[in-house]
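**Q** One predicted model, sequence on top.
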Amino acid sequence: MPRTIWSGAISFGLVTVPIHVVGATEDHSIQFHQYHLEDGGRVRVRKVCELEGREVAQSEIGKGYEYAKDQVVPVTDEDLANLPLPTAKAIEIAGFVPLYSIDPIRIGDGYYLSPDGQVAAKPYKLLVQALGRSSKVAVAKYAWSGRERLGLIRVRDDVLVLHAMRWPDEIRDPGAVDTPNADLSPDEIDSALALIDRMTRDDLAGDDLRDTYTDALAKVIEAKREEKPLPEVPEPEAPGKVLDLMAALQESVAKAQASRGETDAAFTSCRRRRPRRRRPRRSSRPRRRRRELRRGSPGRPSR
């Protein structure tokens, strides 16, 4: 069981669910230390008091807000634990929304919410089943690490998952990105859609979606430890110059087809065919009327 990050309760109307918050993800990346190049000695960071010029222990270190250069307001852990906020000791559900209504750019790290004891068993299961049947997610507020946060609660395999969310004012306006103006032909768009269709998959399983960087780094470290030659670096495929976008798209589709053992016929059938523009039928009445005028209409004397 992962270690508990935070303990409190979920507040759901008048229902309270005591929970423990534990990590839902793991970091498998290789960590490095800093060392002295000359003799290989470990380089460490030490905390030194600027006034006394000596290293201080962790027990001597506290938090403080620098109100001015000559004034620091001390803030203790007890002050933070007794903030006048309803979310200081609870994850307070504020409402429920469809998941698709939340922009993914606002969703952050995930945490599992574990029921705290037998007293939490029934309300925990109640919230799990209610969320599952509603096809909605809960939006909640909570206070961690010196700030109030927004969160999203959803169900994953009968377990409640809390995702940290960013506040609206923390998301930058995409209008700041300078997007180019370019004209695209219908055939280019159709080819891009065909490429998307060829690259569509049912899930994210597969060897092509694994961390190859960590594997390669581990091989380099092992080779250096055993004083063996380093693994050969594969020649990277040179990116081609996009001179003809249509040709590049068609070549990409062909490569995607080859990797999946498909034929050109599959590509031809998946391309969207634009409907031919039909010419409007011309009415035969004007011509018939002209013929009648030349012959003389019934009931009208001919010249």
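**A** Sure, I can see it.
**Q** the helices in this structure, which residues?
**A** Using DSSP state H, the helices of the chain run over residues 77-81, 121-134, 186-199, 212-225, 245-259, 264-270, 285-295.
**Q** These: which one's closest to His36?
**A** helix 212-225 (17.9 Å; C-beta to C-beta). Bear in mind the C-beta positions are built from the backbone N, C-alpha and C, glycine included.
**Q** show me where pLDDT drops low in the stretch 51-200 of the chain?
**A** Low-confidence segments of the stretch 51-200 of the chain, defined by pLDDT under 70: 86.
**Q** for it, what spans make up the strands?
**A** Ranges of strands within the stretch 51-200 of the chain are 63-68, 71-75, 90-97, 107-115, 137-144, 147-156, 159-165, based on DSSP state E, counting those that start in this stretch.
**Q** So for Asp39, which of these sits nearest?
**A** strand 63-68 (36.9 Å).
**Q** who touches the closest residue in space to Leu152 that isn't next to it in sequence in this structure?
**A** Leaving aside its chain neighbours, Leu152 sits nearest to His163 (4.4 Å; criterion: C-beta to C-beta, 6 or more residues apart in numbering). His163 makes contact with 107-111, 151-154, according to C-beta atoms under 8 Å, 6 or more residues apart in numbering.
**Q** rerun that using 7 Å as the cut-off
**A** 107-108, 110, 151-152 (C-beta atoms under 7 Å, 6 or more residues apart in numbering).
**Q** Over to Lys47?
**A** 55-56, 61.
**Q** distance of the spatially most central residue of the chain from Leu150?
**A** Using C-alpha atoms, centre = their mean, the residue of the chain that lies closest to the mean C-alpha position is Pro104, 5.2 Å off. To Leu150, Pro104 is 14 Å away according to C-beta to C-beta, to the nearest Å.
**Q** likewise Gln118?
**A** Gln118 is 31 Å from Leu150, by C-beta to C-beta.
**Q** Compare the two and say which one has the larger neighbour count.
**A** Applying other C-beta atoms under 10 Å to Gln118 and Leu150 shows that Leu150 carries more neighbours, namely 18 against 7.
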